[in-house]
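**Student:** Sequence below, structure please.
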Amino acid sequence: MELWDGDEAFIKSVREGEFGEFMREHFQEIGQESLAHGPLMSLDVYSRGARRRTFEDDRDAFLADHDTLLGDKPHYDSLVTMRDLCRKESAAWAAGDVEGGREIRKEEFLHLEGGLEMSLVKLLNENIEQAKSHVWRTLSRIFLVFLATETGHQSSLSN
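**Tutor:** Residues are numbered from 1 along each chain as shown. The predicted structure follows:
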C-alpha cells in the first residue's frame, strides 16, 4: 500500500535496502528467491548507489513516475480489500481456525480472479515499459514476481 501511496518512508526503505531485504526474506521463506533474483539484485544496486544521490533527488524521481503511473491510485480499493482479507486469513490461522483460514483463502482467490490479478499484471507490465526511473521498473518486476508466487500463476512473468 505504501507503493500506491507514494509514502516517503517507503522511498527511504527502498533507498536504504530495507525493502529489498524484506522481499528477499519473503521469497526465501517460500522457496522462490530464484524467480525474484534479477529484480532483487537490481534493487540492491539501486540501494548501494543511493550514497551518490540525495534523498530529495530519489524522492522527486520516484514521485514523478508515481504521479504518471499510479497518480489516480488504480485498483487501490481492491488492494485494500485484499490486504484486509490477508490479515483476516493470518489471524484465523494464528487462532487455529483451520476452516476459517481456508474459507478466507478462497475469498482471496475469488477476489483475485474477479479481475484484480489481471488488472495488476497489466498495470505492472505497463509500468515496466513506461517508467522513466529504473527503480520503478524494478519495483514493478518485484511486484509481478510477488503476485505470481502468491497466486501460483507464473505465466504473468512474461517480462
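**Student:** In terms of helices and strands, where is the residue most central in space within the chain?
**Tutor:** Residue closest to the average C-alpha location in the chain (Cα atoms, centre = their mean): Phe143, at 3.4 Å. Using DSSP states H and E, Phe143 sits within helix 134-151.
**Student:** same question for that helix, mean pLDDT?
**Tutor:** The average of the pLDDT scores along helix 134-151 is 91.
**Student:** which helices and strands sit right next to the lowest-mean-pLDDT helix or strand in the chain?
**Tutor:** None of the helices or strands of the chain scores lower by mean pLDDT, DSSP states H and E than helix 2-5, at a mean of 88. In this structure, helix 2-5 packs against helix 8-15, with contacts taken as 3 or more Cβ pairs under 8 Å, 6 or more residues apart in numbering; DSSP states H and E. Every C-beta, even on glycine, is put in place using the N, C-alpha and C of the backbone.
**Student:** got the CA positions of the helix or strand that the helix it packs on is followed by in PDB?
**Tutor:** Downstream of helix 8-15, the next assigned helix or strand under DSSP H and E is helix 18-29. Listed next in PDB are the C-alpha coordinates belonging to helix 18-29 (Å, rounded to 0.1, in the frame of the first residue of the first chain):
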ATOM      1  CA  GLU A  18      15.300  -2.500   3.900                       C
ATOM      2  CA  PHE A  19      12.600  -3.200   1.400                       C
ATOM      3  CA  GLY A  20      14.900  -5.300  -0.700                       C
ATOM      4  CA  GLU A  21      15.900  -7.400   2.300                       C
ATOM      5  CA  PHE A  22      12.300  -7.800   3.400                       C
ATOM      6  CA  MET A  23      11.300  -9.100  -0.100                       C
ATOM      7  CA  ARG A  24      14.400 -11.300  -0.300                       C
ATOM      8  CA  GLU A  25      13.500 -12.900   3.000                       C
ATOM      9  CA  HIS A  26       9.900 -13.400   1.800                       C
ATOM     10  CA  PHE A  27      11.000 -15.100  -1.400                       C
ATOM     11  CA  GLN A  28      13.500 -17.300   0.500                       C
ATOM     12  CA  GLU A  29      10.800 -18.300   3.000                       C
END
